[in-house]
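Q: I would like to see how this sequence folds:
(one chain, ligands or ions: 1)
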Amino acid sequence: MVAATMADTAKLTLDGKEIELPIIVGTENEKAIDISSLRAKTGYITIDEGFKNTGSCTSSITFLNGEEGVLRYRGYAIEDLAEKAEFLEVAYLIIYGTLPTEEVYTKFKTDIRRHSIIHEDMKHFFNGFPSSGHPMSILSSMVCALSTYYPDSMDADPDDEMQITRLLSKIRTIVAFGYKKSIGHPVIYPRNDLSYCANFLHMMFAVPAEPYEPDPKVVKAINTLLILHADHEQNCSTATVRLVGSSGANLYAAVSAGILALWGPLHGGANQAVIEMLEEIQASGGDYKGFMEKVKDKSSGVRLMGFGHRVYKSYDPRAKVLKDMADDLLPYLKVNDPLLDIATQLEKIALEDPYFVERNLYPNVDFYSGIVYRALGLPIDMFTVMFALGRLPGWIGQWREMMKDPGKKIGRPRQVYTGENAREFVPLNKR
Ligand code: CMC
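A: Numbers count the residues shown, from 1 in each chain. Okay, the predicted model is just below:
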């Protein structure tokens, strides 16, 4: 890991007293004031609800410049990786820090292939969930349950590569088995002669006694989708993984918590919410104007889903790749989805509307991903699961980086208390 450098200090005057706080500078010249000694020196803490301006760690995994729409994993541009790399190559890069050599990559892929099945007993769990159960809930439960089958994971050892391999491989099987159960089909076992993404498609879409060969163009699309989601620095779910992991909880527990954080509609759940929103506009006969009025009226509580981002204040580079993918893939699959036209219209209107322009609100990764998933035949409640599948290397890489940090600390924010002052307890019969 490249260490942030210390440079200069910031001077702060509080209650007439001047104190100095160290400034740290990252490799892309990102600057931060280290306030960890502030309370000891002054009695003050800082407050920043939603962590809008608070760095929780230094990290050498992902660089994101939201003003210029730049996203890089370990220094490599997302556009390059999305076009030229394999998902597992990117997973290795994110988790272990470098692109694998051919020899290392072959071993990595072989290990992942070998661990694709889940313990037969785990199949019983799927029978216990209602068939209408949301797949994010099932995924989180099943990932956490993996820790019961691999008790050595309790050591939470970041150098235990076997736990990482198992999780990367088995998550696909869990997702696909869950899907098959939800539609009442028998589960389809992995075919280890197939690539990571092709094997996933096989388990999802093959049916017994019928030949199934995944379409290479669809395999490539899944590969690209997973790469685009693979990491995004300290977002809500990744921060959750780090926070849970910081207590020493094992990898499966930390990732399981990350899956749940991803589920919400303001985060990974937005891809499902986008389609629901587009369907609503379609049902209203294409009343864009009425919908936009609702979005701009804060009291309505309606947001333009798939738009806006905490960090990007320009076009999300992942959304660009996905829009091109949708334009290319839908005609190839002979899918004529009116929701793509609605999305394109909505984007055009929003990008010219002062409300969105003034607030720098642009399409994010979730605006077009749902349309692509729909065209691939995935049911709507599986969209966020696809996001989770892609984000897994990021969660693992960030957990591993944190666990290997000799200066790691349990995550424990402070607060400003606003409740009652000390008062006397009144017994029940005197209240
Ligand atoms: N529709 C309408 N107004 C919006 C939207 C939106 N999608 N996003 C932000 N705003 C407004 C917001 O009302 C606020 O206005 P004002 O300054 O007048 O109060 C301003 O823009 C700033 O918004 P914020 O809520 O303070 O920004 P945030 O950084 O806390 O929220 C966000 C980021 C992604 C939660 C938000 O933009 C949002 O809710 N977007 C829709 C949900 C969505 O698409 N989420 C997926 C994000 S990308 C995938 C991922 O990595 O999670």
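Q: going forward, measure contacts between C-alpha atoms and count neighbours the same way
A: Noted.
Q: what does the helix or strand hosting residue 124 rub up against?
A: When elements are assigned from DSSP states H and E, residue 124 belongs to helix 122-128. Judged by C-alpha atoms under 8 Å, 6 or more residues apart in numbering, the contacts made with helix 122-128 from elsewhere in the structure are 177, 178, 181.
Q: Please state the offset of it from the chain centre?
A: For helix 122-128, the separation from the chain centroid amounts to 26 Å (computed by C-alpha atoms, centre = their mean, to the nearest Å).
Q: before we move on, back to that, of the contacts of helix 122-128, which belong to helices?
A: Within the contacts of helix 122-128, residues falling in helices by DSSP state H are 177, 178, 181.
Q: so which of those residues comes closest to residue 298?
A: In terms of C-alpha to C-alpha, no member of the ones in helices among the contacts of helix 122-128 lies closer to residue 298 than residue 178, at 38.1 Å.
Q: Find the nearest non-adjacent residue to that closest one, please.
A: For residue 178, the nearest residue in space outside its immediate sequence neighbours is residue 126; the separation is 6.5 Å by C-alpha to C-alpha, 6 or more residues apart in numbering.
Q: Check the burial of the one you found by counting its neighbours.
A: As a burial measure, the neighbour count of residue 126 was computed by other C-alpha atoms under 10 Å and equals 18.
Q: Could you measure from the closest residue to residue 233 other than its chain neighbours over to residue 195?
A: The shortest distance from residue 233 to any non-neighbouring residue, by C-alpha to C-alpha, 6+ apart, is to residue 62 (5.5 Å). From residue 62 across to residue 195, the span is 26 Å (C-alpha to C-alpha, to the nearest Å).
Q: just residue 324 next, same as before
A: Look at residue 324 and residue 195: by C-alpha to C-alpha, they are 24 Å apart.
Q: more neighbours, these two?
A: residue 195 (15 against 11).
Q: which residues touch the more buried one?
A: Per C-alpha under 8 Å, 6+ apart, neighbours of residue 195: none.
Q: can you check the one 4 residues further on too?
A: Shown here is residue 199, whose contacts under the criterion C-alpha under 8 Å, 6+ apart are 190, 191, 192.
Q: Ok, residue 164 next?
A: In this structure, residue 164 makes contact with residue 396, judged by C-alpha under 8 Å, 6+ apart.
Q: what about it, helix or strand, and which?
A: Residue 164 is part of helix 161-182, with elements assigned from DSSP H and E.
Q: Give the buried residues for that helix.
A: Across helix 161-182, burial judged by 16 or more other C-alpha atoms under 10 Å covers 163-182.
Q: Stretch 48-59 too?
A: Neighbour-count burial for stretch 48-59, counted by 16+ other C-alpha under 10 Å, picks out 58, 59.
Q: thinking again about what came up before, for the contacts of residue 199, pick the one with the most neighbours.
A: The most crowded member of those, judged by other C-alpha under 10 Å, is residue 190 (24 neighbours).
Q: in a strand, that's where it is, yeah?
A: No: going by DSSP: H, G, I helix; E, B strand; the rest coil, the assignment for residue 190 is coil, not a strand.
Q: Please identify the residues of the protein in proximity to the ligand?
A: In this structure, the chain approaches the ligand at residues 266-268, 270, 295, 303-310, 359, 364-366, judged by C-alpha under 6 Å from any ligand atom.
Q: check contacts around the residue in the stretch 151-300 of the chain that the ligand sits nearest to.
A: Per C-alpha to the nearest ligand atom, the residue of the stretch 151-300 of the chain with the smallest distance to the ligand is residue 267, at 3.3 Å. Contacts for residue 267 were tallied using C-alpha under 8 Å, 6+ apart; they are 236, 261.
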